[in-house]
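Engineer: Below: sequence and its predicted model.
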Amino acid sequence: MFESQQNEVEQLIASNEEFKSLYNEHKQLEKRVIAAENGTAPMSDESLNQLKREKLRIKDRLTRLMEESHH
């Protein structure tokens, strides 16, 4: 996530607690989604979809925080 903007992400992680917390939460959700999709952590489709929705909600908020940091 945000690989092309790694420097900006690192600066926000260091300076913005909300961004840091959400970024870490997004990383954890990503690991859970991958594990579910690979079959190493089986879960229902409904649970997987819920994880994906939460991950997307967090990514949207991270994107807004990044945009706000440009102002």
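Structural biologist: Now that the structure is in, tell me what you want to look at.

Engineer: Quick check: pLDDT value at Glu3.
Structural biologist: Turning to Glu3, the model gives it a pLDDT of 73.

Engineer: Look at it and say how many residues are nearby.
Structural biologist: Other residues near Glu3 number 6, with proximity taken as other Cβ atoms under 10 Å. For the C-beta atoms, the positions are set from N, CA and C on the backbone; glycine is no exception.

Engineer: Residue for residue, what is the longest helix the chain has?
Structural biologist: helix 45-69 (DSSP state H).

Engineer: which helices and strands does that one pack with?
Structural biologist: When contacts are defined as 3 or more Cβ pairs under 8 Å, 6 or more residues apart in numbering; DSSP states H and E, helix 45-69 packs onto helix 6-15, helix 17-38.

Engineer: hey, which of these is tucked in deepest?
Structural biologist: Most buried of the helices and strands packed on helix 45-69 by mean neighbour count (mean count of other Cβ atoms under 10 Å) is helix 17-38; its value is a mean of 14.
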